[in-house]
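**Q** model this:
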Amino acid sequence: MTEITIGTTPSIRYDFRIMDPADFTQAILTIKDGDEEKIRKTLEDAQIGDGYIEFKLSQEETLGLGAGNRYEMMLNYKTTDGTRGASHTEMIICADNHITEVI
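**A** Numbers count the residues shown, from 1 in each chain. Okay, here's the model as predicted:
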């Protein structure tokens with residue numbers, strides 16, 4: 001389980017040993033509450049490095065999640081040869097913040 005403090009700007013990073021994120025033609029990170037999609041980030045929002053892809057959430061995005069709530073997070077991707085993959089579902093819990101506004 002991953003903890004995110006609301007109102008902060010955390011980076012979500014996926015490391016790869018077999019796949020090369022530089023070969024991704026699509027990547028979609030989703031954070032969901034049941035059937036409701038709360039956050040969606042795409043390849044255009046990502047930073048790709050040596051063996052990893054990383055997405056940074058904004059203060060507004062994390063404030064929209066709500067303290068004490070639990071969410072599911074998953075990464076879907078497609079490579080240049082048409083291979084589609086997905087990460088395991090990861091649970092997120094959101095921690096409260098004394099300052100619940102954008103600063």
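
**Q** which strand or helix spans the nearest residue to residue 12 once chain neighbours are set aside?
**A** Nearest residue to residue 12, sequence neighbours excluded (CB to CB, 6 or more residues apart in numbering): residue 55, at 4.9 Å. For the C-beta atoms, the positions are set from N, CA and C on the backbone; glycine is no exception. Assigned by DSSP states H and E, residue 55 belongs to strand 52-56.

**Q** check which strands are paired with that strand and give the direction for each one.
**A** If you go by DSSP bridges, strand 52-56 pairs up with strand 11-15 (antiparallel), strand 46-49 (antiparallel).

**Q** show me which positions of that strand end up buried.
**A** For strand 52-56, the neighbour count (16 or more other CB atoms under 10 Å) marks 53-55 as buried.

**Q** ok, now stretch 87-95?
**A** So for stretch 87-95, counting by 16+ other CB under 10 Å, buried means 92, 94.

**Q** off-centre distance for it?
**A** The chain centroid and the centroid of stretch 87-95 are separated by 9 Å under CA atoms, centre = their mean, to the nearest Å.
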